[in-house]
Structure formats: structure tokens, C-alpha cells
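# just a sequence and a predicted model for now, questions to come.
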Amino acid sequence: MAQAADLGRPAPEVPSAVVMAPMANYRNWTGLYVGGNFGGQWATFDGRLSETGSSVIGGLQLGYNLQQDAIVVGVEGDVALTHASVSDPTAIGRVNVLSTIRGRVGFAIDRFLPYGTLGVGLTSATLETPVSRERKLLTGLVVGGGLEYALAPNWSVRGEYLFVAGPKREFTPVDSLGVDGHLVRGGVNYKF
């Protein structure tokens, strides 16, 4: 019920919508980073040798991320040493070095960064026979994904899976070799 004292006062404003502040991320993923990785590789050889060999793999990575809201895009290069090999009585096939150059796209969820990755893989493969020893660089597609977790503003750990396709390449007039690799590895990064 309105009273005479209320007649000169304007009605109180009622907000039409409640505006919430965006959720702050613990981590800003933008910046240059460097790190190391360690894991396992399963390499399937095709051609003269058709078997699967496995090896421990370890190396270094360097990359740069750019974050816009929750979307993180970046580029990363890595190089790793491995010693996956297979043999038969007349030949030995080895993978010595594996390197990738990849784009990454992820979605930042507080300290977590799930991501997908796509790029090019370079595999140094060797084929030894009783009469020759040839080393070739196999170039192929790399696809995979992973999850990175920020331990602190500059430190993160991650796990990832990569599939590296190394198409068959001629080593000698009668021998060819291709190597497809599955990599599962963990790593640690420091962001500058």
C-alpha cells in the first residue's frame, strides 16, 4: 500500500539480468617453452623387414603457445633418440632419431590443457645387409593428442600419444623400408 511519503520518490531499479565475471584461468599458456620427454616407441617396419620393434625414447621439445580466452594454439618441434630395431638372418632395420614439427590446438580448463596435434615426422632409419649399410630420412604424417597440467605458473607436466607414418622408401635397388611408429611419452615443460 503506497503512503503519502512515497509519492515523490522514484521506484527502485531492478536489474534486468545478472552478469557474471568470466572464470579466471589459473594458467596463461601463452609463451615460449622448452622441455624434455621420455617414453616408449613401437615401430612397425614394412618392406624388406615386416616386424614390430620397440624401444625406449627420450628427447627435447621447444614450442610456442598463444591463448585467446580458453582456446590455445601453438607450434612445437621435438627431437628424440630411439633404438627400435628388427632383424632377420640377412638384414637389420633400425630407427635412430625421430623428430616432429607439429601444430597444437587445445582448450584450457584451469590447470588442464587437453590438446590435439598434427604435423610432419622425420625418421632416420637404417637398413643393414651383409653387403651394404644405408641410412635414409623418412618423412610422413604425425597425428596425436595429449593432456598437459600446470604444476606452477612456469612448470607443466604432460602425457601424449603420437602416431608417426613413415612411408616406404627405396634403400637399394632391391630393398625398401617403411616405418610407422606409435609413441607414448610423458614430459615436463618450462614456460618463459
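Perfect, I can see it now. Numbering: from 1, shown residues only.
# and the helix or strand hosting residue 99, how far from the chain's centre?
In this structure, residue 99 is located in strand 91-107 according to DSSP states H and E. In terms of Cα atoms, centre = their mean, to the nearest Å, the centre of strand 91-107 is set 10 Å apart from its chain centre.
# counting by contacts, list what it packs against.
Applying 3 or more Cβ pairs under 8 Å, 6 or more residues apart in numbering; DSSP states H and E, we find strand 91-107 packed against strand 31-47, strand 52-68, strand 71-88, strand 112-129, strand 132-150, strand 155-170, strand 176-191. No exception for glycine: its C-beta is placed from N, CA and C like everyone else's.
# list the buried residues in the last one.
Taking 16 or more other Cβ atoms under 10 Å as the basis for neighbour counts, the residues of strand 176-191 that come out buried are 176-183, 185, 187, 189, 191.
# export these to TSV and append columns for distance to residue 29 and pLDDT.
Output for the buried residues of strand 176-191, formatted as TSV (distance: Cβ to Cβ, whole Å; pLDDT from 0 to 100):
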residue	distance to residue 29	pLDDT
176	42	71
177	39	73
178	36	75
179	33	80
180	31	82
181	27	85
182	27	91
183	22	92
185	20	96
187	15	97
189	10	97
191	8	96
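# just the closest of the residues you listed to residue 127, please.
Relative to residue 127, the closest of the buried residues of strand 176-191 is residue 177; by Cβ to Cβ it sits at 5.0 Å.
# which non-adjacent residue is nearest the closest one?
residue 47 (4.3 Å; Cβ to Cβ, 6 or more residues apart in numbering).
# for the one you found, grab the count of nearby residues.
By other Cβ atoms under 10 Å, the residues close to residue 47 number 18.
# wait, residue 127 touches residue 177, no?
Yes - Residue 127 lies in contact with residue 177 (Cβ atoms under 8 Å); the separation is 5.0 Å.
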